[in-house]
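Asks: Let's see this in three dimensions:
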Amino acid sequence: MCYSNNYSMSTTIQTSKRTAQQLRELMKKTGAKSYDEMISRLVSERYHVPASLFGSNPKLKPFTKSDEAEFHDL
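Replies: Next up, the predicted model:
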């Protein structure tokens, strides 16, 4: 399972010093290479949130071949 997202944009989140320390300890134990990877693992494993929510709107009908051809640049 892949937990890493290679987004070019980043953001800052505030945590208590205790939470940051807990994240560092978990990173050591699990081998996570970044806070982002560690948080993504925790969210994915605990709450089963997919890495991508693309296509998850139940109100939309599935894409057809012509939709894919129209909106997909090769």
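Asks: and residue 38, how many neighbours?
Replies: When neighbours are defined as other Cβ atoms under 10 Å, residue 38 has 21 of them. C-beta coordinates here come from the backbone N, C-alpha and C atoms, glycine included.
Asks: Ok, the one 10 residues further on next?
Replies: Applying the criterion other Cβ under 10 Å, we find 7 residues in the vicinity of residue 48.
Asks: Kindly provide the distance from it to residue 24.
Replies: For residue 48, the distance to residue 24 equals 25 Å [Cβ to Cβ, to the nearest Å].
Asks: again, but for residue 65
Replies: Distance, residue 65 to residue 24, by Cβ to Cβ: 48 Å.
Asks: who's more crowded, the two?
Replies: Set side by side, residue 65 and residue 24 show unequal neighbour counts under other Cβ under 10 Å, the larger going to residue 24 at 13 against 7.
Asks: The more buried one: what secondary structure?
Replies: Secondary structure, DSSP: H, G, I helix; E, B strand; the rest coil: residue 24 is helix.
Asks: Now do the helices in the chain.
Replies: With DSSP state H, the ranges of helices along the chain come out as 17-30, 35-47, 65-71.
Asks: comparing the ones you listed, which gets the lowest mean pLDDT score?
Replies: Looking at the helices of the chain, the lowest mean pLDDT belongs to helix 65-71 (a mean of 74).
Asks: For that one, list the C-alpha coordinates in CSV.
Replies: Listed next in CSV are the C-alpha coordinates belonging to helix 65-71 (Å, rounded to 0.1, in the frame of the first residue of the first chain):
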residue,chain,number,x,y,z
LYS,A,65,-15.1,5.7,-23.6
SER,A,66,-16.0,8.9,-25.4
ASP,A,67,-15.7,10.9,-22.1
GLU,A,68,-12.3,9.5,-21.5
ALA,A,69,-11.2,10.3,-25.1
GLU,A,70,-12.6,13.8,-24.8
PHE,A,71,-10.9,14.7,-21.5
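Asks: chain center to that helix: distance?
Replies: Put simply, helix 65-71 sits 26 Å off its chain's centre (Cα atoms, centre = their mean, to the nearest Å).
Asks: since we're on the spatially closest residue to residue 42 that is not a sequence neighbour, how many residues are nearby?
Replies: Sequence neighbours aside, residue 26 is the residue nearest to residue 42 in space, at 7.8 Å (criterion: Cβ to Cβ, 6 or more residues apart in numbering). A count of neighbours around residue 26, defined by other Cβ under 10 Å, yields 15.
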